[in-house]
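Engineer: what shape does this take:
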Amino acid sequence: MSTLRLEDLKQYSDVLRTRHGERLNVRFVEPRDTDELQHYFRSLSTRSRYNRFFGAISELPKGLLHDFLEVGERERFTIVATMMVDGFETIVAEARYALHAETATLEFGLSVDDRWQGHGIATALMKNLECRAAALGAEHIYGDTLRANETMVSLARKSGFTFVNHPDDWKLVRFEKEINLAPQDIPCASWRLAALSRQADSPSASA
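Structural biologist: Model (predicted):
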C-alpha cells in the first residue's frame with residue numbers, strides 16, 4: 001500500500017517548466033475536473049487518442065472516466081498538467097500510473113494536447129513520474145506504446161529507457177528504466193513528503 005495521504009491532494013502538486021519556460025502545474029485530478037478532462041480527450045486528434053488507448057475512441061467511456069477520477073484506488077493515480085490559457089486553467093497533458101508493489105514497478109501512460117506538443121511537456125512529465133514512482137517505493141518504471149508511435153519511441157529513448165518486446169501484443173513495444181534518483185535531490189513534492197513521513201515514523205525521530 002502507498003503511504004500517500006490523499007485527504008489533501010494539493011500537497012502533492014508540482015510546478016514544472018516547458019522547454020520555453022512556461023509554468024506547468026502538475027497535480028492529482030479532482031472531481032471538479034470531470035468535464036474538463038472529458039473535453040481534453042475529445043479535443044485530442046484521432047491519432048493521439050489512438051496512440052494513447054491503442055484503439056479508436058472519441059471520448060472516455062463512462063467507466064473509464066470514473067477510473068481516471070479515482071485517485072489512489074487499487075494503487076492507481078491520475079495527474080493532469082495545466083496551464084493558464086486565456087485566463088482559464090486548462091489541461092494540456094495527463095498521465096495515469098499504477099504501482100505494482102509486488103514487483104516494485106510503476107506502469108504509466110500519458111498524452112499531451114496536440115497544440116502543445118513540441119514544448120517539452122512529455123519530457124518534463126516523465127521525469128516527474130520517475131520521482132513519483134520513487135516516492136511510492138518503485139525501483140523500475142515502464143510504459144507500453146505502439147511500435148508505430150515514433151514520437152513516443154523517440155521520447156522514451158531520449159529519456160534513457162530501454163526497449164523490450166511486449167509480452168502479449170506484437171503491435172506494442174515496452175520501454176523500461178531503473179529508477180536511480182538520488183534521495184538528497186528530492187525533486188518533487190511526492191518524494192519530499194514521503195521522506196518527511198518516513199523520518200517522522202523512524203524510531204530515532206521519537207528518541
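
Engineer: and the strand ranked longest in the chain, C-alpha only, in PDB?
Structural biologist: Assignment by DSSP state E gives strand 88-100 as the longest strand of the chain. Taking Å, rounded to 0.1, in the frame of the first residue of the first chain, the C-alpha atoms of strand 88-100 are listed here in PDB:
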ATOM      1  CA  PHE A  88      -8.500  29.800 -17.600                       C
ATOM      2  CA  GLU A  89      -6.800  26.800 -16.000                       C
ATOM      3  CA  THR A  90      -6.600  24.400 -19.000                       C
ATOM      4  CA  ILE A  91      -5.500  20.700 -19.100                       C
ATOM      5  CA  VAL A  92      -2.700  20.400 -21.600                       C
ATOM      6  CA  ALA A  93      -1.500  16.900 -20.700                       C
ATOM      7  CA  GLU A  94      -2.400  13.900 -18.500                       C
ATOM      8  CA  ALA A  95      -0.700  10.800 -17.200                       C
ATOM      9  CA  ARG A  96      -2.100   7.700 -15.400                       C
ATOM     10  CA  TYR A  97       0.100   5.400 -13.400                       C
ATOM     11  CA  ALA A  98      -0.200   2.300 -11.300                       C
ATOM     12  CA  LEU A  99       2.100   0.900  -8.700                       C
ATOM     13  CA  HIS A 100       2.700  -2.900  -8.800                       C
END
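
Engineer: taking strand 88-100 as reference, get the angle to the helix or strand following it.
Structural biologist: Following strand 88-100 in sequence order, the next helix or strand is strand 105-112 (DSSP states H and E). With axes from the mean of the first three to the mean of the last three C-alpha atoms, to 10 degrees as the basis, strand 105-112 and strand 88-100 are set at 160 degrees to each other.

Engineer: just the residues contacting strand 105-112, thanks.
Structural biologist: 44, 48-49, 51-52, 92-100, 121-122, 125-126, 129, 132-133, 136, 138-144 (C-beta atoms under 8 Å, 6 or more residues apart in numbering). C-betas here are computed from N, CA, C, even on glycine.

Engineer: next, residue 169: secondary structure please.
Structural biologist: Under DSSP: H, G, I helix; E, B strand; the rest coil, residue 169 falls in the coil class.
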